[in-house]
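Engineer: show me how the following folds:
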Amino acid sequence: MNSNNCKIILVIILVICFSSGCGPSYDADPEWPPDRAPVVSDQEEMVAAAHPLAVEAGLGVLRDGGNAMDAAVAVQMALNVVEPPESGIGGGAFLLYRDGASGRMTVYDGREVAPAAAQPDRFLIGNWPLPLWAAAPTGRSVGVPGLLAMLHQAHAEQGTLPWRDLFDPAVTLAEQGIPMPERLQRQIASDPSLWLFSDTRTRFVRPARDEEPVLQNRELAGTLREIAAEGPDLFYRGELTRVMIRAAKSRWPGRSDLTPDDFDAYRPVVRDPVCRPYRSWTICGVPAPSSGGITLLQIMGILEHFDLPAHEPGDAAAIHLIAEASRLAFADRETWIGDPAFVHVPQEEMLDAAYLAMRSKWVDTLQAMEEVQPGLPSGDAANRQAWFPAGSVPPQQETAGTSHFSIVDRHGNAVAMTSSIEAPFGSRIEAGGFLLNNQLTDFNFVPESNGFRSPNAVEPGKRPRSSMAPVMVFDEDGDLRYIIGSRGGSRIIGYVVKALIGVLDWELSLSDALAMPNFLHRGRYLELEEGSAWEDRAEALRDMGHHVRVRPLESGLNGIEKAVEAALPELDVEQVTWRGVSDPRL
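Structural biologist: As a prediction, this is how the structure comes out:
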């Protein structure tokens, strides 16, 4: 048994159990949403994000002549200020970009990377995996952040305005401060573990107790100003590198093993998107090491064999079909998807029409499957890399942090970007005014099962599997119609599927689709949103054989839809309007 891991478990159990009853939830208690999601319209350009100040930062860049990629930099830096527990330069992201002139799509992978010293038993005590709440707030959970390097490369290739000018809105917000957002106040109130660490206690808990709490961060303003002037070298090869490493190594127990060489070696990866048809539409997302695009497209590809448009929204029979398709896709996710630099991910085979048609035959329209097994997309059992325990899906340990934003500019360039520091408040380690991620806890804590190595086992230099799922949807003429994404850990996939079914099958407005009650299946339980109008479907779904849990499901969906309206019907003239929509739960 690793002695350092022993120290981790003993100290964290004693402290956290004393303060919070063995394991605070990372989910904040949501205030129940209104009936509809808020909508903003514009004929030429649009930004949809989790906070209006981040939206304004992006729109300001567009008004100044910048394009969608320029705006993406400004939006993300503003989000680092206004919702620091969710995302920022201490974490990573996946960015899906579409060039308006050529239609070419590019994925920029800014996922975090494990240090060179990382080993498969990183989160084990003997043969037992650490609980997530014990592993997350330690230096060992911190991966090399990738967001800043990725954004810098994407902007260098696609942007138009100077890099340094795009940080001005975030620097102003951080210096002047803003009223502390209500959601952040709820997160602080519901998470007693924040008291345990000086970083989060000083930055968040104490200001939240003021009569009129203010979120102000002059240290972050200084960091952003330096990055704007010097570029990412300050972050990956400069004094800030040493500041981050010292902070991660100072967290005892579970000190980090990151080194300057790990930061210096980090490179973002440019990838091709994953796309496949769904009825008359085409859906595109991000590939491995995110499971978001592949798993989402598998779910939709299985559902294509059922007449979902014949069902009313919220019909128990429709929820059953979506749940069963999700179970099949999540079984494949756990078995086949990891960092493609380390394992073979049979991506094309998993999205093959014949393979998904075969998987769809496992779905009984009236009864839930007793067991769900992964498929063999390669068709060759001898090459199977499965580590999947027969008859069950391993429990999901991912948490509900993350942020998504969508942008389209007047030239038709579009960005769908999902970014994260993993859990809300990440590792709870701060450096330079920002929080460091705990993304290495996205690896499977148990590296082997049944004699097979998990494709998502910890390895040196490896990127952990993600569930981030920024997507773009195109109509039969190839025109961009929707940009959608969400926060929510491994629930992101289910949230985005719900939104897609709402607009593509049930012909809802994007506003109604995002506000629709949440429901999803990640392989173990069918989850229904507590307090929603569809909570009463639980008994009917249990009668169909589902293991149902009713619980808060605090999605953070947002997106953009293209509305084509008749401006002058007598002259057959149409007007295109972009509508930005945010989840009412934000």
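Engineer: geometrically speaking, which residue is the centre of the chain?
Structural biologist: Met468 (3.4 Å; C-alpha atoms, centre = their mean).
Engineer: residues in contact with that one?
Structural biologist: With contact taken as C-beta atoms under 8 Å, 6 or more residues apart in numbering, Met468 is in contact with 93-94, 286, 290, 292, 402, 418-420, 485, 492. Using the backbone N, CA and C atoms, a C-beta is placed for each residue, glycine as well.
Engineer: wasn't it part of a strand?
Structural biologist: No: in this structure, Met468 is coil, not part of a strand, as judged by DSSP: H, G, I helix; E, B strand; the rest coil.
Engineer: just say helix, strand or coil for the nearest residue to Asp257 once chain neighbours are set aside.
Structural biologist: Spatially, and ignoring its direct neighbours in sequence, Asp257 is nearest to Ala117 (4.1 Å; C-beta to C-beta, 6 or more residues apart in numbering). Under three-state DSSP, Ala117 falls in the coil class.
Engineer: for Ala117, give its distance to Ser141.
Structural biologist: As defined by C-beta to C-beta, to the nearest Å, Ala117 lies at a distance of 14 Å from Ser141.
Engineer: give me the neighbour count for the spatially closest residue to the residue nearest to the centre of the chain that is not a sequence neighbour.
Structural biologist: Among residues not flanking Met468 along the chain, Thr418 sits closest, at 4.0 Å (C-beta to C-beta, 6+ apart). Number of residues near Thr418 (other C-beta atoms under 10 Å) recorded here: 31.
Engineer: what sits against Trp281?
Structural biologist: Per C-beta under 8 Å, 6+ apart, neighbours of Trp281: 473-476, 481, 504.
Engineer: so which of those is surrounded by the most neighbours?
Structural biologist: Highest neighbour count within the contacts of Trp281, by other C-beta under 10 Å: Val473, with 23 neighbours.
Engineer: now do the phi/psi pair for that residue.
Structural biologist: When read as degrees, to the nearest 10, the backbone of Val473 gives phi -120, psi 130.
Engineer: for the helix or strand where Val550 lies, which strands pair with it and how are they oriented?
Structural biologist: Using DSSP states H and E, Val550 maps to strand 548-551. Within its sheet, and counting by DSSP bridges, strand 548-551 is paired with strand 526-529 (parallel).
Engineer: report the rounded mean pLDDT for the next helix or strand after the partner strand.
Structural biologist: Following strand 526-529 in sequence order, the next helix or strand is helix 538-543 (DSSP H and E). Helix 538-543 shows an average pLDDT of 98 in the prediction.
Engineer: please enumerate the helices of the stretch 301-450 of the chain.
Structural biologist: Listed in chain order, the helices of the stretch 301-450 of the chain (DSSP state H, counting those that start in this stretch) span 316-336, 347-350, 353-360.
Engineer: quick one: which of those helices is nearest Pro207?
Structural biologist: Among the helices of the stretch 301-450 of the chain, the nearest to Pro207 by C-beta to C-beta is helix 316-336 (39.4 Å).
Engineer: show me what that closest one is packed against.
Structural biologist: Judged by 3 or more C-beta pairs under 8 Å, 6 or more residues apart in numbering; DSSP states H and E, helix 316-336 is in contact with helix 292-303, helix 492-504, strand 519-521, strand 526-529, helix 538-543.
Engineer: what's the average pLDDT for that helix?
Structural biologist: 97.
Engineer: next: stretch 359-379.
Structural biologist: Averaged across stretch 359-379, pLDDT comes to 93.
Engineer: and what of stretch 41-60?
Structural biologist: Mean predicted confidence for stretch 41-60 is 94.
Engineer: low-confidence ranges in the stretch 351-500 of the chain?
Structural biologist: Along the stretch 351-500 of the chain, the model assigns pLDDT under 70 to residues 379-400.
Engineer: quick one, strands of it?
Structural biologist: Here the stretch 351-500 of the chain has its strands, by DSSP state E, counting those that start in this stretch, at 403-408, 414-420, 430-431, 434-435, 448-449, 452-453, 471-474, 480-485.
Engineer: out of those strands, flag the one nearest Ala316.
Structural biologist: Short answer: strand 480-485, nearest of those by C-beta to C-beta, at 24.7 Å.
Engineer: just to revisit the earlier point, what would the contacts of Trp281 look like in a markdown table with distance to Ser427?
Structural biologist: Converted to a markdown table, those look like this (distance: C-beta to C-beta, whole Å):
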| residue | distance to Ser427 |
| --- | --- |
| Val473 | 35 |
| Phe474 | 38 |
| Asp475 | 42 |
| Glu476 | 46 |
| Arg481 | 38 |
| Leu504 | 38 |
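Engineer: out of those, which is nearest to Leu303?
Structural biologist: For these, the residue nearest Leu303 by C-beta to C-beta is Leu504; the value is 10.0 Å.
Engineer: so the nearest residue to that closest one once chain neighbours are set aside versus Met300, what's the distance?
Structural biologist: Nearest residue to Leu504, sequence neighbours excluded (C-beta to C-beta, 6+ apart): Trp281, at 5.7 Å. Distance, Trp281 to Met300, using C-beta to C-beta: 9 Å.
Engineer: ok, now Glu539?
Structural biologist: 28 Å.
Engineer: looking only at neighbour counts, state which of these two leads.
Structural biologist: Set Glu539 next to Met300 and count neighbours by other C-beta under 10 Å: Met300 wins out with 27 against 10.
Engineer: got a list of what that one touches?
Structural biologist: Going by C-beta under 8 Å, 6+ apart, Met300 touches 276, 278, 283, 497, 500.
Engineer: one more time with 6 Å
Structural biologist: Met300 makes contacts with Tyr278, as judged by C-beta atoms under 6 Å, 6 or more residues apart in numbering.
Engineer: and Tyr278, by the same measure?
Structural biologist: Going by C-beta under 6 Å, 6+ apart, Tyr278 touches 300, 304.
Engineer: heads up, I number from 833, so please use that
Structural biologist: Let's use 833 as the start, then, which means that last one is Tyr1110.
Engineer: any idea how far it lies from Leu1129?
Structural biologist: Distance, Tyr1110 to Leu1129, using C-beta to C-beta: 8 Å.
Engineer: swap in Ile1115?
Structural biologist: Per C-beta to C-beta, Ile1115 is found 6 Å from Leu1129.
Engineer: now swap in Tyr1187 and tell me
Structural biologist: 12 Å.
Engineer: neighbour count: those two, which is higher?
Structural biologist: Neighbours were counted for Tyr1187 and for Leu1129 using other C-beta under 10 Å; Leu1129 has more, 26 against 22.
Engineer: my guess is that one contacts Pro1109. True?
Structural biologist: No: applying C-beta atoms under 6 Å as the test, Leu1129 and Pro1109 come out as separate, 9.7 Å apart.
Engineer: check contacts around the residue nearest to Met1300.
Structural biologist: Counted by C-beta under 6 Å, 6+ apart, Thr1250 has contacts 926, 1236, 1300, 1302, 1317.
Engineer: how about Arg1242?
Structural biologist: 876-877.
Engineer: same check on Pro1145?
Structural biologist: Contacts of Pro1145 by C-beta under 6 Å, 6+ apart are Trp1338.
Engineer: so how far is Leu1340 from it?
Structural biologist: From Pro1145 to Leu1340 the distance is 7 Å (C-beta to C-beta).
Engineer: and the helices in the stretch 983-1132 of the chain?
Structural biologist: So, for the stretch 983-1132 of the chain - with DSSP H, counting those that start in this stretch - the helices run 1000-1008, 1014-1022, 1030-1032, 1038-1040, 1050-1062, 1065-1069, 1071-1082, 1092-1096, 1124-1135.
Engineer: ranking those helices by burial, who's on top?
Structural biologist: helix 1124-1135 (a mean of 27; mean count of other C-beta atoms under 10 Å).
Engineer: so how far is that one from its chain's centroid?
Structural biologist: How far helix 1124-1135 lies from its chain's middle: 16 Å, per C-alpha atoms, centre = their mean, to the nearest Å.
Engineer: try stretch 919-939
Structural biologist: Relative to its parent chain, stretch 919-939 has a centroid offset of 14 Å by C-alpha atoms, centre = their mean.
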